[in-house]
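Novice: Pasting the sequence and the predicted model now:
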Amino acid sequence: MKDKSIFLGESQNRVDDIAENILFHDEITDTPAAFDAFNRAKALNIITKSYRLKLESSSKPFTVAGVDIKIVASRKFSIVAKTMSSYGVKNSISELKGLKTAYTYSKLFKKPYLALHTSCSSILNLISGNAAGLVGYKIDANLTDELTALVNQLEAVTKLPQNVIKQHANDNIEYETHEKKVIKFFDEEFDTFMEIYQLSNMSLFLAYTAARRVRHHHLKRKSKDVDPETITGILELMVLYKSSMEPVFGANFAVVSLSISETTDEDGEIYIDMLAPGTYQGKLMLDDMKTIEFEFVILAGKTTALQFLMEVESV
């Protein structure tokens, strides 16, 4: 599952949690537009979970620690091919010189599994024939064993029934179509509607924007699927200036009972994982700003995402 899909699924779950929150229940049920939007979001999430369950079960033969074998094999063998090409140029070994262009990542990844297996096996054979010299280029026994394991996994995939491979591909296509529908619903309709709550219910607005804050793979933290057996939870905070809605940098956050002391980063954020489930008291402090004291609940396997507005201390 791609990082962006993991983050989107987490965001959908958080939006569902808002609808179940007793603090917002009356506001949502008594406002037709909100009631409709949250119900549609929940229906879309049911479909999302169904697709993801199907993909996770059908993709097991294709994955190495949750990552597509083709991606891993294409990346590692293309890097090794480039390195071998460098060695071949220096030592005038003709069979190695052209590896850089013959086995690029894109060329390897586009190959069917059987053809990819054949190409990777060819590279392994060339490593075997030039092993002594390639050790000095960091292509040693440990890396060779790793590449051999990938080739063995590719071989296992080539022996799968064709209908399994085709079904997996079709499931991916269907899920991507559904995901685009979900993104369009939130970006073009739900997110824009919820802006009105800046005027009428700031708590609901902040809860929603916290739920919708999707962190992409190239940002701070690598995404990961939640282990259903995990016994800890996560706390995510975002602190904004009330006057400008800009991030607050350098605000101090403390939870005395857990001996936690953190500071908001340049995006006004704090991220703390591995927290034991329970109810805790937190405090946000910054010079010349009003101190914010609040209670938060950590649940096992869940992310508690909260946003706060800091305002200037009255003189």
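Specialist: Nice, thanks for sending it over. Numbering: from 1, shown residues only.
Novice: if I look at the closest residue to V256 other than its chain neighbours, how far off is L55?
Specialist: The shortest distance from V256 to any non-neighbouring residue, by C-beta to C-beta, 6 or more residues apart in numbering, is to Q281 (7.3 Å). All C-beta spots, glycine's among them, are computed from the backbone N, C-alpha and C. Remark: distance between Q281 and L55 (C-beta to C-beta, to the nearest Å) = 41 Å.
Novice: Which of these two has more residues huddled nearby?
Specialist: A direct count of neighbours by other C-beta atoms under 10 Å for Q281 and L55 places L55 higher, at 18 against 13.
Novice: dump the residue contacts of the residue nearest to D140 when sequence neighbours are not counted.
Specialist: In space, and not counting its chain neighbours, D140 is closest to L134: 7.8 Å by C-beta to C-beta, 6+ apart. By C-beta atoms under 8 Å, 6 or more residues apart in numbering, the contact set of L134 is 83-84, 87, 127, 140.
Novice: ok, so of these, who is nearest D273?
Specialist: Comparing the contacts of L134 against D273 with C-beta to C-beta places D140 closest, at 35.3 Å.
Novice: Let me know the distance separating that closest one from G250.
Specialist: Taken as C-beta to C-beta, the span from D140 to G250 is 46 Å.
Novice: again with K181
Specialist: 40 Å.
Novice: wait, isn't R213 in contact with L240?
Specialist: No - using C-beta atoms under 8 Å, R213 is not in contact with L240, being 11.5 Å away.
Novice: Confirm I165 sits in a helix?
Specialist: Yes - assessed by DSSP: H, G, I helix; E, B strand; the rest coil, I165 belongs to a helix.
Novice: remind me, longest helix of the protein?
Specialist: What stands out as the longest helix in the chain, according to DSSP state H, is helix 32-58.
Novice: Just the buried residues of that one, please?
Specialist: Residues 34, 37-38, 41, 44-45, 48, 51-52, 55, 58 are the ones in helix 32-58 that count as buried (16 or more other C-beta atoms under 10 Å).
Novice: and that helix, how far out from the chain's middle?
Specialist: Relative to its parent chain, helix 32-58 has a centroid offset of 18 Å by C-alpha atoms, centre = their mean, to the nearest Å.
Novice: same for it, what does it pack against?
Specialist: helix 3-20, helix 22-30, helix 162-185, helix 191-194 (3 or more C-beta pairs under 8 Å, 6 or more residues apart in numbering; DSSP states H and E).
Novice: Kindly compare burial across the ones you listed and name the winner.
Specialist: Of all those, helix 3-20 carries the top mean neighbour count, a mean of 18, counting by mean count of other C-beta atoms under 10 Å.
Novice: Taking helix 22-30 as reference, get the angle to that helix.
Specialist: 80 degrees (axes from the mean of the first three to the mean of the last three C-alpha atoms, to 10 degrees).
Novice: so how far is helix 3-20 off the chain centroid?
Specialist: 12 Å.
Novice: Between helix 32-58 and that helix, find me the angle.
Specialist: Using the same axes, to 10 degrees: helix 3-20 against helix 32-58 is 140 degrees.
Novice: so what does helix 3-20 touch, helix or strand wise?
Specialist: Short answer (3+ C-beta pairs under 8 Å, 6+ apart): helix 3-20 packs on helix 22-30, helix 32-58, helix 162-185, helix 202-212, strand 303-310.
Novice: now with 7 Å?
Specialist: On a contact count with 3 or more C-beta pairs under 7 Å, 6 or more residues apart in numbering; DSSP states H and E, helix 3-20 meets helix 32-58, helix 162-185, helix 202-212, strand 303-310.
Novice: can you put the ones you listed in JSON lines and add mean pLDDT?
Specialist: Shown next, in JSON lines, are these (pLDDT from 0 to 100):
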{"stretch": "helix 32-58", "mean pLDDT": "90"}
{"stretch": "helix 162-185", "mean pLDDT": "85"}
{"stretch": "helix 202-212", "mean pLDDT": "87"}
{"stretch": "strand 303-310", "mean pLDDT": "87"}
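Novice: For stretch 131-138, list every residue counted as buried.
Specialist: 133-134.
Novice: Could you work out the end-to-end span of it for me?
Specialist: End-to-end distance of stretch 131-138 (C-alpha to C-alpha, to the nearest Å): 10 Å.
Novice: got it, and stretch 237-256?
Specialist: OK, stretch 237-256 end separation, C-alpha to C-alpha: 17 Å.
Novice: okay, and for this protein, where does confidence drop off?
Specialist: 1, 3, 57-67, 161-163, 214-229, 315 (pLDDT under 70).
Novice: Let's see that with 50 instead.
Specialist: Along the chain, segments meeting pLDDT under 50 span 216-220, 223.
Novice: What's the local residue count around I260?
Specialist: Residues near I260, counting by other C-beta under 10 Å: 15.
Novice: give me the beta-bridge partners of it?
Specialist: V255 (DSSP bridges).
Novice: and it, how far is that from V239?
Specialist: I260 is 15 Å from V239, by C-beta to C-beta.
Novice: From K302, how far out is L235?
Specialist: L235 is 10 Å from K302, where distance means C-beta to C-beta.
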